[in-house]
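A.B. asks: can't give you the sequence, but here's the structure:
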């Protein structure tokens, strides 16, 4: 009997050319497929919920695969981890309905972008945050962030992709938290690690990284919080900040709505 | 005119066989010497304050070198960083008296040991913390930690080295902080990242890592806080916990007493 298994996947994206299999370079998808194929002794491939870019990390990406294996669904995390490198870990596995598709199901995604704001870089933080030594005004960043909340056209803060039909998305919540609360580059204080957390129902290409880059511009005074609505209305990518580097971005969680369960509905 | 320059050195120890030059393997000292020799176009070597082990990180190790270069002392951090890989950064540089020796000067060192206590490992934390899934009782760890404070014989929590004359050292302060405060593995709650911070006037070989390993034993109930004084009195390495892995350890700061300054004394 064929079963569809849903995995929760955490990875350090540093060594990978992103999620999706590429002609060149190691990918998370490719590494997962190889591990599954080895474990099951049969060619097996996953379908991922989110195709994260090169260098982006994840704590809770999700992916499905089909198998006739007798391994209990919940044991796949343990079984698979033995075939995976330390920078990819399966944190959970369970059976879901046969027709569950992780990219065609309504969901909420939570991304985290980390900015390390200090006089000197910290080599032990360099792989998981973007370093900037210009003191950032965290209060202004918090204020600016609120303008991104809501159902809006996010064309100005995304990289154009011709195949995307609509650039309207909903951001439910954004928070900006810092080790040290600062107000103003005037006072020349550094905020330490700044964590931007964004929860939404879908994201356009580069959207979180451009929001992060725009908030950095606000933090160092190049933009004012009040300019955010004007930038969004313009739908002009040129008006927003730079695309902040991939290493600062982590896909923290994907919550399917409803969460798929076998038995709950048609487990044919 | 010869000058002695003191550097503050931060590094991610993951890729290095420790500080000290080895017959095999890349070292922090070796990499610094190569960068200095390239920058100054003259064979140059540093003397480090702390010879950290393979895989141990540092935010504030310190090292001196001598040069006749005209580069202003304070500019060496910028100049040298251009010749160093991203996992080694010089955060400060200044001139010190000619006879200042970083290992023969009274100092206070602060080490941090990080334990990631969660149901599943987080690949983005794996290089800078020791993962353990057994729920740890943070309250008991805090209590046990206080028994290490003071001037005591730390033979039981160090790896024997024949050349060391005395195993008496002074620990000024230990703190144990966790993302989630827990009490008891009974309640089966995970503490998240646990940070042990130890400040002392010198440390024996493996001392912080064995203290961390012993506190983990307390946290999971294998040892009681009251047993720490008995273990220390025994001077028996076998009675303490395991040497916790190197990756969890970071040398945060070395404070010289007094802090060396040229002009302050004999700058012959």
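C.D. replies: In hand now; what should we look at? As the structure is a computational prediction, the values presented were derived from the model and not from experiment.

A.B. asks: Confirm that residue A:33 sits in a strand.
C.D. replies: No. Counting by DSSP: H, G, I helix; E, B strand; the rest coil, residue A:33 is not part of a strand but helix.

A.B. asks: Please name the residues that touch it.
C.D. replies: Shown in contact with residue A:33 (C-beta atoms under 8 Å, 6 or more residues apart in numbering or on different chains): A:21, A:44, A:45, A:46. Every residue, glycine included, has its C-beta placed from N, CA and C.

A.B. asks: ok, so of these, who is nearest residue B:63?
C.D. replies: The closest of the contacts of residue A:33 to residue B:63 turns out to be residue A:21 (C-beta to C-beta; 45.1 Å).

A.B. asks: Quick one: residues contacting the closest one.
C.D. replies: Shown in contact with residue A:21 (C-beta under 8 Å, 6+ apart): A:27, A:29, A:30, A:33.

A.B. asks: In contact with the third one, which residues?
C.D. replies: With C-beta under 8 Å, 6+ apart as the criterion, the residues that contact residue A:30 are A:21, A:22.

A.B. asks: Next one, pLDDT for it please.
C.D. replies: The confidence metric pLDDT takes the value 98 at residue A:30.

A.B. asks: Would you confirm that residue A:67 contacts residue A:2?
C.D. replies: Yes. With contact defined as C-beta atoms under 8 Å, residue A:67 and residue A:2 form a contacting pair (7.3 Å).

A.B. asks: The two: which is more packed in?
C.D. replies: A direct count of neighbours by other C-beta atoms under 10 Å in any protein chain shown for residue A:67 and residue A:2 places residue A:67 higher, at 18 against 8.

A.B. asks: what ranges do the helices span in the stretch 151-268 of chain A?
C.D. replies: Counting by DSSP state H, counting those that start in this stretch, the segments of the stretch 151-268 of chain A that form helices are A:207-219, A:227-234.

A.B. asks: which other helices and strands contact the first one?
C.D. replies: Packing partners of helix A:207-219 (3 or more C-beta pairs under 8 Å, 6 or more residues apart in numbering or on different chains; DSSP states H and E): strand A:107-117, helix A:138-146, strand A:168-178, strand A:192-200, helix A:227-234, strand A:249-256.

A.B. asks: any idea how far residue A:38 lies from chain B?
C.D. replies: 20 Å (C-beta to the nearest C-beta, to the nearest Å).

A.B. asks: Just give the nearest non-adjacent residue to that residue, would you?
C.D. replies: What sits nearest to residue A:38 in space, not counting adjacent residues and going by C-beta to C-beta, 6 or more residues apart in numbering or on different chains, is residue A:83, at 5.2 Å.

A.B. asks: wouldn't that neighbour be in contact with residue A:41 here?
C.D. replies: No. The pair residue A:83 / residue A:41 is not scored as a contact, 11.4 Å apart, by C-beta under 8 Å.

A.B. asks: Which pLDDT does the model give residue A:264?
C.D. replies: With respect to pLDDT, residue A:264 scores 53.

A.B. asks: and the stretch 1-150 of chain A, which residues reach chain B?
C.D. replies: Taking C-beta under 8 Å from any C-beta of the partner chain as the criterion, the stretch 1-150 of chain A approaches chain B at residues A:10-12, A:57, A:59, A:86-89, A:91-92, A:119-124, A:126-128.

A.B. asks: Buried only: go through those residues for me.
C.D. replies: Buried residues within the residues of the stretch 1-150 of chain A next to chain B, defined by neighbour count using 16 or more other C-beta atoms under 10 Å in any protein chain shown: A:10-12, A:57, A:59, A:87-89, A:91-92, A:120-124, A:126-128.

A.B. asks: What are the buried residues along stretch A:148-168?
C.D. replies: Buried residues in stretch A:148-168, counted by 16+ other C-beta under 10 Å: A:148, A:152, A:153, A:154, A:155, A:156, A:157, A:158, A:167.
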